[in-house]
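Asks: predicted model, plus sequence, below.
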Amino acid sequence: MKKKEKMRKSGHFSRQLKLYLFNSLNYPILASDLERLASRLFCLWDGAVPAFYSQGFPYSICVSLENIAVHGKPGDYLLAKGMIVTIDLGVNYLGYFSDTAFTRIVGNTSLVDSMKNEKLFFLRRNNLLLAAERALKRSARLLKQGIEVGEITSLIYSEITSSGYFSSPFYGGHGIGRRLHMPPFIPNVPNKLSSLKKNDGKIILKTGNYICIEPIVFERPPKLKISSDG
């Protein structure tokens, strides 16, 4: 099996797991139960293991709730109706990695009660998610041979800020393939607006490159800190 076929297979497994977990959040559920569901699926896939094991992370998925930006642990806590949750997941299939994530509001929002204050609550949260989705889809449409990473960053940042939201230079996308995280780093904030310059934005993508685009959107200017367990 060639590299391209292995990457496609890895991505196929990631997509299956993503859809399964997305639908599992139609109703409140424990984060640890999501982890158990993910682990069961991996048992069915010959040659596939959780990508995060390669980083020393002992879980199949990351569960980041509410104001946790990234890499939350799937512990024994309830994901209740109305909460914003991000599920980050990846697959290592025969040494080839895929990485994906989704963010959604817990609960079937089509069944939201008719109370005005509850509708406004969900609308405000949903607008945040839609801004991230627009940034992802628009930047993905840019991808082609010869595009500079800085062009992707500029579009992501423009989409986020024009919607009235914020991002952080500390988190972004990356290359992927034989390792989970590979160059280039794809920031969500342009270098000219950031003190963190991981690349100059001039890196050119070529045919055969695999990348992950990861817009991370905040309702207010973020004040990030790393927890004691990393």
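Replies: Structure's in. What do you need? Residues are numbered from 1 along each chain as shown.
Asks: so what's the gap between stretch 67-79 and the chain middle?
Replies: Here the centre of stretch 67-79 is set off from its chain's centre by 14 Å, with CA atoms, centre = their mean, to the nearest Å.
Asks: excluding its backbone neighbours, what's nearest the residue nearest in space to the middle of the chain?
Replies: Centroid check for the chain by CA atoms, centre = their mean gives residue 101 as the closest residue, at 3.4 Å. Excluding its sequence neighbours, the residue lying closest to residue 101 (CB to CB, 6 or more residues apart in numbering) is residue 88, at 4.2 Å. All C-beta atoms are positioned from the backbone trio N, CA, C, and that covers glycine.
Asks: check which helix or strand covers that neighbour.
Replies: If you go by DSSP states H and E, residue 88 is part of strand 84-93.
Asks: break this protein into its domains for me.
Replies: 1-111, 131-223 (automatic domain parsing).
Asks: any weak-confidence spans in the protein?
Replies: 109-118, 193-201, 229-230 (pLDDT under 70).
Asks: now the longest helix along it: how far from the chain's centre is it?
Replies: If you go by DSSP state H, the chain has its longest helix at helix 116-142. Centroid separation between helix 116-142 and its chain, computed with CA atoms, centre = their mean, is 14 Å.
Asks: mind listing what's buried along it?
Replies: 122, 125, 128-129, 131-132, 134-136, 138-139 (16 or more other CB atoms under 10 Å).
Asks: reformat these as CSV; add distance to residue 1.
Replies: Converted to CSV, the buried residues of helix 116-142 look like this (distance: CB to CB, whole Å):
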residue, distance to residue 1
122, 45
125, 42
128, 40
129, 36
131, 39
132, 34
134, 36
135, 34
136, 29
138, 33
139, 30
